[in-house]
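Enquirer: generate a structure from the sequence data that follows.
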Amino acid sequence: MRQSTLLQTRENTESTARQYGLADRARELGWAPCDVSVVDADLGVSGRFSGMRAGFQQLVSRVCLGEVGAVFGLEVSRLARSSAEFGRLLEFARLTDTLLIDADGVYDLGDFNDRLVLGLKSTMSEAELHILAGRLQGARKAAAERGDLRLPLPVGMVYADDGTIVVDPDEEVRAAVADVFALFEQHGSALAVVRAFTGRRFPRRDTGVWDGRLGWGRLTHGRAAAVLKNPVYAGAYVFGRSVSSRKVRPDGTVITVVNQRPRDQWAVLICDHHEGYISWQQYLQIEAKLAANRTRAKARPPREGVPVCQGIIFCGSCGFPMSTRYRRADGTADYVCSRARSDALLTPGCHSIAAAAVDPQVVDLLLAALTPEQVHLAVAAADEVHHRHQRSHRAAELAVERARYEADRAERAFVQVEPENRLVARSLESRWEAKLAALAQAEAALADLIAAEPALPEPARLRELARDVPALWRSATTTAKDRKRLLRTLIADVTVLHVDNTRAHIGVRWHTGAVDEITCDRRTNRNPTQAVDIVRDLLDVRSDAEIAGHLNSLGFTTGNCCPFTVNSIRHIRAQHAIGSRRNDPTESGEITVPEAARILGVHEAAIYPWIRSGEMAARQARHRRWCIAWDSGIEAYWKQRVATSSHLKRRANTNYETGQAV
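Expert: Presented below is the predicted three-dimensional model:
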């Protein structure tokens, strides 16, 4: 028993009853009721391929085992729609002396004439399926070319009473779908849209038995991407976006694979067919953004990290992209050519460079290019490009007019010919079709030119934005991802090539094709010398927090281009050995443990046992710091003791006053 679809099983109940009645026919022909087995596992399953038909596989296996005396069916030639599979069943039935019985008669496969008749019937059944499918698909495509074929609509779009496509009248549904596009415009990624919908429900249209019923659920990444990629929301009517094909698995089963076609291979595309949530131009921009976010296709979208050149910086030696590596200690970042190292293609020029060395140089170039004067030149160049496009448009428009005139002329000649003169009619019809094809090609060329023309904002708006860009860039509300997007609107990529151990050569390539070259230091994590001098001068009169605020007010930054903090001031003091007399716990005739260690040329750890044992006179001041009584006699005694000690490893002695090794 088999019916092709679940819809047929549900609605064509008479066919189902007739097939179940075959069991009674078998009993009438002499089979005992216990010997009659009904195979109905294939109800609602297509007979084109047997890979998904458990009933057909069960039937073939039992025939091979010789357990079947006869196979009943309304039309045995339709047990399988594939001639190869049906032929295999016939061969097994011949070898096991199994009969095939349907409404036309009883077939003994041992008889050549019966095998010939069933083979012809199988071929005709397969051809019938092909013809029916061709008619059905042809009618579907013809209706789709007119935009009249009713296709399943995504959530947010419904069919009106007159059959036209309109937006959903439910305001909550409309708001949810519109927010998806608004949030993508704001954040630039489908994942960010999903995060923004956290705690909020999103509508869906149920299928199957509950087809068309409105439901609500959580917005997932797959659903968000499906909404953003669906051209129906842009007011376009689309048919044939995907194509299905059959694949054979290693185990011999046949599966159906659905592949998405590129936009230029869609069977039908009618723009401005109905009202949508976005325009067709916005849909193309969303498609480009999604493609730029696809890291599997080696795209490098902007991330949340602080380095602004992340994703567009390349090694000038090997040509591979440079990755970003963060340091755990201070949170700063380096651009590292790790791809070449991991692929064992490291060249002598592959090196790392501090992000703080590259980013300020590139940002300065960007802000310098966005001055009002530069924007004025850019607007003038854009006007020239716009006029050039208009001139090319005019030529394309004239070509369309000429092609339309030729097509109309060929049509009139074909209409005026006598119907009896078939040879002339066929020739004129071929000429008319050629002119129509030339007209379609000219119209497509004009449409491509119009779509390729860049949108030109108002010059006043551009100048206003240029005045605000530096303040917008440095604003605390501007995120790192926004800065990267702004940078990538003008700069295509950055290439770094090292000059020596201290300098690097930076090449900045703009989207216009222009290139700027800069030479900078590879490492910039050294604090400015003037800032170090200010810390040394103010340490006795101000606290670390006050010094940090003073340096920030003067416009100084650390070597990592960050504002000064208390920790950075303490780092400068430790790095440059800057002490504070105000915080010094020693009194006259006393020194600290580090000073005693430097004078004696030993490690500080050797001093503490002498203090704790009482051999070295010392007192403990505030902050639990030891102050050692010291004079020339004490110094001579301990130097002599250190010199005669056998277990102390003496270091190079250093003059405490001059700081020079003795």
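
Enquirer: just checking, next helix/strand downstream of the helix-or-strand element of the chain with minimal mean pLDDT?
Expert: The helix or strand of the chain with the poorest confidence is helix 338-342; it has a mean of 61 (mean pLDDT, DSSP states H and E). Counting by DSSP states H and E, the next helix or strand C-terminal to helix 338-342 is strand 353-354.

Enquirer: would you map the helices across the stretch 101-250 of the chain?
Expert: 112-145, 171-187, 190-196, 221-229 (DSSP state H, counting those that start in this stretch).

Enquirer: what's the mean pLDDT across the shortest one?
Expert: Over the span of helix 190-196, the pLDDT mean works out to 88.

Enquirer: and that helix, what does it pack against?
Expert: For helix 190-196, the elements it packs on are helix 171-187, helix 221-229, judged by 3 or more CB pairs under 8 Å, 6 or more residues apart in numbering; DSSP states H and E. In short, each C-beta sits where N, CA and C put it, glycine included.

Enquirer: tell me what angle the longest one forms with helix 221-229.
Expert: Our comparison of helix 171-187 with helix 221-229, counting by axes from the mean of the first three to the mean of the last three CA atoms, to 10 degrees, yields an angle of 90 degrees.

Enquirer: the nearest residue to E590 once chain neighbours are set aside: what secondary structure?
Expert: Counting by CB to CB, 6 or more residues apart in numbering, E590 lies nearest to C627, which is 4.3 Å off, once chain neighbours are set aside. When classified by DSSP: H, G, I helix; E, B strand; the rest coil, C627 comes out as strand.

Enquirer: surely C627 and I611 touch.
Expert: No. Counting by CB atoms under 8 Å, C627 stays clear of I611, with 10.2 Å between them.

Enquirer: let me see the backbone angles for A236.
Expert: The phi/psi pair for A236 (degrees, to the nearest 10) reads phi -100, psi 140.

Enquirer: quick one: contacts for it?
Expert: L269, I270, C271, D272, H273, G276, W280, Y283 (CB atoms under 8 Å, 6 or more residues apart in numbering).

Enquirer: narrow these to just the buried residues.
Expert: L269, H273, G276, W280, Y283 (16 or more other CB atoms under 10 Å).

Enquirer: quick one: secondary structure of the third one?
Expert: Three-state secondary structure (criterion: three-state DSSP) places G276 in coil.

Enquirer: contacts only, for it.
Expert: G276 neighbours (CB under 8 Å, 6+ apart): V167, V232, Y233, A234, G235, A236.

Enquirer: cutoff 6 Å now
Expert: For G276, the contact set (CB atoms under 6 Å, 6 or more residues apart in numbering) comprises Y233, A234, G235.

Enquirer: what's the local residue count around the second one?
Expert: So the one you mean is A234. When neighbours are defined as other CB atoms under 10 Å, A234 has 23 of them.

Enquirer: wait, it touches L284, no?
Expert: No. Using CB atoms under 6 Å, A234 is not in contact with L284; the gap is 8.5 Å.

Enquirer: export the helices of the stretch 101-250 of the chain to JSON lines and append columns for mean neighbour count and distance to A440.
Expert: Converted to JSON lines, the helices of the stretch 101-250 of the chain look like this (neighbours: other CB atoms under 10 Å; distance: least, CB to CB, whole Å):
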{"stretch": "helix 112-145", "mean neighbour count": "14", "distance to A440": "13"}
{"stretch": "helix 171-187", "mean neighbour count": "17", "distance to A440": "32"}
{"stretch": "helix 190-196", "mean neighbour count": "19", "distance to A440": "36"}
{"stretch": "helix 221-229", "mean neighbour count": "17", "distance to A440": "27"}
